[in-house]
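**Student:** the amino acid sequence is not available; the structure is as follows:
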């Protein structure tokens, strides 16, 4: 029974079960002996089974508590050992980090790294006993500690020697000016006691010792290199062609040279201190760096100029025996070779390059300007966005290796006077002409549609003017004619454009762009639209004041009374209403929303001529065929890229319209837009004559229509 209770309680702890089994093997014989004694005693004969059971339970409880206490003690001891092991590992890691091991450079670091890896990956794993693991860790820790102490003492020793050398050389680390001549890594000793750090300080000590012993030799070498570079570069502090950086370097160089001369000629009292000599050496190194950068820049400039001159000779077809070219060659042979960055060589190359540029200007300027005008014309016809109309972008796209892009001034027109640029423009002209051939018919319709939208806005403003009913009735007839023609043309034009744009994009596998935007998408997302209700307003004259609303704009209603001229009184109200309603429904089915024309400056309405002014030219488009309303699929612009044979023909422009600019540019104030007008009488006509003239005109229109 005791065995079962103990087994159930500690079943999950294998290690503890082993200990419990050991205790059980010792206790079990005692329990058997205890039961036999109870049965042999006479005074226990009257004990019932419950009493014996209770005694057994009490005994079991005491034994289990004793075992648990023993287990708890062992657990505490085990936890102490684990914590001790963890602390030793932490200390070992700190020492290794401080030693900053570099196994590939120092043998001692390689041995430490190898011993540490063996300890962690092998020794501790093969040693199951905690006490033995701790012993191994302690031994390795003490070895590391000894190495750390040795390195720490050595580091202090070499750093002290370094400080003595700095002091001997006249360098005070407490002075911020002197720290400029000392590497920042040696201003403090540092927290690492590694062999690497000790080696760095020892190398610095060796360097300072060499400087102390042979500083004048180093100064003389640096002086010689600096002066040679100065002569090679033909530098002069009085030369305006040099920038401030080079001038200051040359002034500083002259001061240093004068100090050295005084040091050589003077006695011991005038001898420069070691500190001053080190400063001179560092200044020489800085000047050498500046001069070498200038040398590299000039060599690059010379190479580019030589290549440019040779290319210009070929483009200008100048032979080798040309007199000017031979003179240039003679002058160049007298100068240093291109490997020496001579200023005189650069000057000669610059003069020859300017001479060839002038020749290219004479030869290529007219051709370039002619081609560029053609290119600009194509940009205008294709409605290319203004930010894309630059030769710089064109050249950068076509020329592959633009290593000197930042050195080129693209605002200078002379850089375009060469064969390469002309060839690039020719290729672009060919591409744009092919594009224009495929887009021209559609583009004209797009421009016509945009013009109609603009004229409709002006018409809306004009139709809202109450004064339109005063004076001659010719204006009202002109309005009626304008409404009728545009009301037919705009929806048919929109329908055809939807089909043709879809077909064009399918064939060319790209969007039809209008000022950088897909026109098909613009039509589908238009926010502004012409007010086509104004196109269906019936003619209102001064004799029909009852048809005027309170507002200056007369709105259309299918139930409003019809207003006719004296020659058309036989027309019924019902027929007029039905006809107008059908046309209006057709417009609502097919018109997409109208986009705002991109990059098109809006001409103020007050300055732009009204479509009903008397000076406007007349325009009579051919009557288009009636087209059915577009389906929902068509109105959403998701059309199949096929062109119907029954599509309506777009009205052609009259001779008056042929000279009108339909591009997306603002109309000049003095230029009249193409509109539909009939000749008008003089302003001195009376109201009676105006009314009679209105009747005659309407009658003639009716006769022509029949």
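**Tutor:** Cool, got the structure. All figures in this text were calculated on a predicted structure; none of them were measured in a lab.
**Student:** quick one: low-confidence parts of the stretch 251-400 of the chain?
**Tutor:** Low-confidence segments of the stretch 251-400 of the chain (pLDDT under 70): 263-275, 393-394, 396-400.
**Student:** how close does residue 318 get to residue 503?
**Tutor:** Distance of residue 318 to residue 503, given as CB to CB, to the nearest Å: 53 Å. Bear in mind the C-beta positions are built from the backbone N, C-alpha and C, glycine included.
**Student:** actually residue 452, not the one I typed
**Tutor:** Taking CB to CB, one finds residue 452 at 22 Å from residue 503.
**Student:** equivalent analysis for residue 127, please.
**Tutor:** From residue 127 to residue 503 the distance is 85 Å (CB to CB).
**Student:** what helices and strands are in contact with whichever strand or helix holds residue 364?
**Tutor:** Using DSSP states H and E, residue 364 falls within helix 343-381. Packing partners of helix 343-381 (3 or more CB pairs under 8 Å, 6 or more residues apart in numbering; DSSP states H and E): helix 274-315, helix 323-334, helix 419-463.
**Student:** and the angle for that helix with helix 323-334?
**Tutor:** Interaxial angle, helix 343-381 versus helix 323-334 (axes from the mean of the first three to the mean of the last three CA atoms, to 10 degrees): 140 degrees.
**Student:** list the buried residues for helix 343-381?
**Tutor:** By 16 or more other CB atoms under 10 Å, the buried positions in helix 343-381 come out as 343, 345-346, 348-349, 352, 356-357, 359-360, 363-364, 368, 371-372, 374-375, 378-379, 381.
**Student:** got the angle between it and helix 419-463?
**Tutor:** 40 degrees.
**Student:** quick one: work out the angle between helix 343-381 and helix 274-315.
**Tutor:** Using the same axes, to 10 degrees: helix 343-381 against helix 274-315 is 50 degrees.
**Student:** change the start of the numbering to 57 and stick with it
**Tutor:** From this message on, residue numbering opens at 57, which makes the last subject helix 399-437.
**Student:** rounded mean pLDDT for stretch 247-260, please.
**Tutor:** Averaged over stretch 247-260, pLDDT sits at 89.
**Student:** and the next helix or strand past whichever strand or helix holds residue 286?
**Tutor:** Element membership of residue 286 [criterion: DSSP H and E] is helix 251-289. As assigned by DSSP H and E, the chain's next helix or strand after helix 251-289 is helix 300-321.
**Student:** and that following helix, what does it pack against?
**Tutor:** helix 251-289, helix 330-371.
**Student:** in JSON lines: those helices, plus distance to residue 88 and mean neighbour count.
**Tutor:** Shown next, in JSON lines, are the helices and strands packed on helix 300-321 (distance: least, CB to CB, whole Å; neighbours: other CB atoms under 10 Å):
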{"stretch": "helix 251-289", "distance to residue 88": "71", "mean neighbour count": "16"}
{"stretch": "helix 330-371", "distance to residue 88": "97", "mean neighbour count": "16"}
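**Student:** of all those helices, which lies closest to residue 304?
**Tutor:** The closest of the helices and strands packed on helix 300-321 to residue 304 is helix 330-371. By CB to CB, the value is 9.0 Å.
**Student:** helices or strands next to the closest one in the packing?
**Tutor:** Helix 330-371 packs on helix 251-289, helix 300-321, helix 399-437, going by 3+ CB pairs under 8 Å, 6+ apart.
**Student:** may I see the buried residues of the strand or helix carrying residue 547?
**Tutor:** Of the helices and strands defined by DSSP H and E, residue 547 is found in helix 530-564. Across helix 530-564, burial judged by 16+ other CB under 10 Å covers 530-539, 541-561.
**Student:** which strands border whatever helix or strand comes next after it, and is each parallel or antiparallel?
**Tutor:** Toward the C-terminus, helix 530-564 is succeeded by strand 569-570 as the next helix or strand (DSSP H and E). Paired strands of strand 569-570, with direction, are strand 573-574 (antiparallel) (DSSP bridges).
**Student:** next secondary structure after the strand it pairs with?
**Tutor:** Next along from strand 573-574, by DSSP H and E: helix 575-580.
**Student:** quick revisit: how about a markdown table for the helices and strands packed on helix 300-321, with distance to residue 172 added?
**Tutor:** A markdown table is the format used below for the helices and strands packed on helix 300-321 (distance: least, CB to CB, whole Å):
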| stretch | distance to residue 172 |
| --- | --- |
| helix 251-289 | 15 |
| helix 330-371 | 43 |
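**Student:** distance-wise, check residue 545 relative to residue 505.
**Tutor:** As defined by CB to CB, residue 545 lies at a distance of 9 Å from residue 505.
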